[in-house]
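# Here's a sequence, model it:
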Amino acid sequence: WQVPPYGSLKLNTDGSCIDNACAGGGVVRDHTGMIILAFSSSFGIGNSAEAEAKAMHLGLRLCSERGLSISFMELDSLFLVNCFNDLWNPPWAIEYILRDCKNLIPSHASVSHAFREANGLADRLAAHGHTCQ
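Reported below is the predicted structural model:
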């Protein structure tokens, strides 16, 4: 994981799907690496794309509710990044989620891919989401 530039915030999210049970988690950190916000949640039944999209949506919604303006967002799902950035057409099951995410994310923010190794804390928070009610 690399820190964002001075004065900016980065949101990392990850989804997890085990036997059709979806969960997700994420973390917002500042330019010093300090954790500003962390979350885990269970999302019910679905697939991995839905888990990734719902984790992204929850992270953006929590940031919006708390007045946190993120500048960078990293996901370890290249599929979701490409769908969000309009490079690929999303499946119908996540199209509405991505549409709402685009309304929640600041216009200056970038959404990019990060390999799983660089998204470790979000990955662990997503796994923890399976234990949440």
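# Every contact and neighbour count from this point should use C-alpha atoms.
Will do.
# For Met73, give the beta-bridge partners.
Leu11, Val111 (DSSP bridges).
# Wait, Glu50 touches Glu95, no?
No: contact status for Glu50 versus Glu95: not in contact, 9.7 Å apart, counting by Cα atoms under 8 Å.
# quick one: which of the two has more around it?
Glu50 (24 against 16; other Cα atoms under 10 Å).
# Next, the contact list for that one, please.
By Cα atoms under 8 Å, 6 or more residues apart in numbering, Glu50 lies in contact with Gly15, Cys22, Ala93, Ile94.
# Narrow those residues to just the buried residues.
Neighbour-count burial (16 or more other Cα atoms under 10 Å) applied to the contacts of Glu50 gives Gly15, Cys22, Ile94.
# Checking my notes, the second one in a strand, right?
Yes: counting by DSSP: H, G, I helix; E, B strand; the rest coil, Cys22 falls inside a strand.
# how near is the residue nearest to Pro90 when sequence neighbours are not counted to Leu125?
Excluding the flanking residues, the one nearest Pro90 by Cα to Cα, 6 or more residues apart in numbering is Cys83, at 5.3 Å. Distance, Cys83 to Leu125, using Cα to Cα, to the nearest Å: 23 Å.
# which one of those two has more residues nearby?
Leu125 (23 against 16).
# so the more buried one touches Gly24, yeah?
Yes: judged on Cα under 8 Å, Leu125 makes contact with Gly24 at a distance of 6.9 Å.
# Report the two members of the contacts of Glu50 separated by the largest distance.
Using Cα to Cα, the two most remote members of the contacts of Glu50 are Gly15 and Ala93, lying 15.0 Å apart.
# and the helix or strand where Asn103 lies, what does it pack onto?
Take DSSP states H and E as the rule and Asn103 turns out to sit in helix 92-104. Applying 3 or more Cα pairs under 8 Å, 6 or more residues apart in numbering; DSSP states H and E, we find helix 92-104 packed against helix 48-65.
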